[in-house]
Structures are given as structure tokens and as C-alpha cells.
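[1] structure for the following, please:
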Amino acid sequence: MTVIPPHNHCIICGKAIPAGKKFCSEKCKQEYERMVKRRKLYVYLMYLALALLLMILFVSYR
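    Below is the predicted model:
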């Protein structure tokens with residue numbers, strides 16, 4: 001019977017890493033930060049689009 005030592009997996013590439021870490025390398029950490037920034041930008045753009053749509057609807061039905 002083999003015992004697997006406590007470990008996590010890199011949230012970008014999935015490689016096994018020591019417990020308590022999130023990334024296997026600086027490259028994966030940078031990729032994650034880029035992905036988070038992109039996701040935030042998309043959320044802001046969606047709120048902007050929703051606000052514009054509501055303004056157009058409000059003005060057109062007045």
C-alpha cells in the first residue's frame with residue numbers, strides 16, 4: 001500500500017505541487033493573474049452594456 005503525500009495541484013496546468021502552494025511556477029502565476037484581470041474586464045463591460053441598454057430603453061419609452 002502506497003501513501004500519497006499531501007499535495008495540491010497547480011490551478012493552471014494541474015501539476016502536483018507541495019501542499020499550501022497554488023502554482024507550480026512563476027509562469028503559471030502570471031497566467032492566472034492575466035486571466036483574473038481579463039475576467040474582471042469582461043464583468044465591467046457587461047455591467048456597462050446593461051447600463052446602456054437600460055438607458056436606451058428608459059429614453060425610448062418616455
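
[2] state the distance from residue 18 to residue 27.
    In this view, residue 18 and residue 27 are 17 Å apart by CB to CB, to the nearest Å. Using the backbone N, CA and C atoms, a C-beta is placed for each residue, glycine as well.

[3] also residue 9?
    Applying CB to CB, the value for residue 9 to residue 27 is 16 Å.

[4] residues in contact with stretch 5-23?
    Applying CB atoms under 8 Å, 6 or more residues apart in numbering, the contact partners of stretch 5-23 are 24-25, 28-29, 31-32.

[5] how long is that stretch end to end?
    17 Å (CA to CA, to the nearest Å).

[6] helices - which of the contacts of stretch 5-23 land there?
    Counted as lying in helices by DSSP state H, out of these, are 28-29, 31-32.

[7] shouldn't residue 56 be within a helix?
    Yes. Residue 56: assigned to a helix according to DSSP: H, G, I helix; E, B strand; the rest coil.

[8] who wins for neighbours among the ones in helices among the contacts of stretch 5-23?
    In terms of neighbour count, residue 28 stands highest of these at 18 neighbours, by other CB atoms under 10 Å.

[9] how close does the closest residue in space to it that isn't next to it in sequence get to residue 25?
    Closest residue to residue 28 apart from its sequence neighbours, by CB to CB, 6 or more residues apart in numbering: residue 12 at 4.0 Å. The gap separating residue 12 from residue 25 is 9 Å, by CB to CB.
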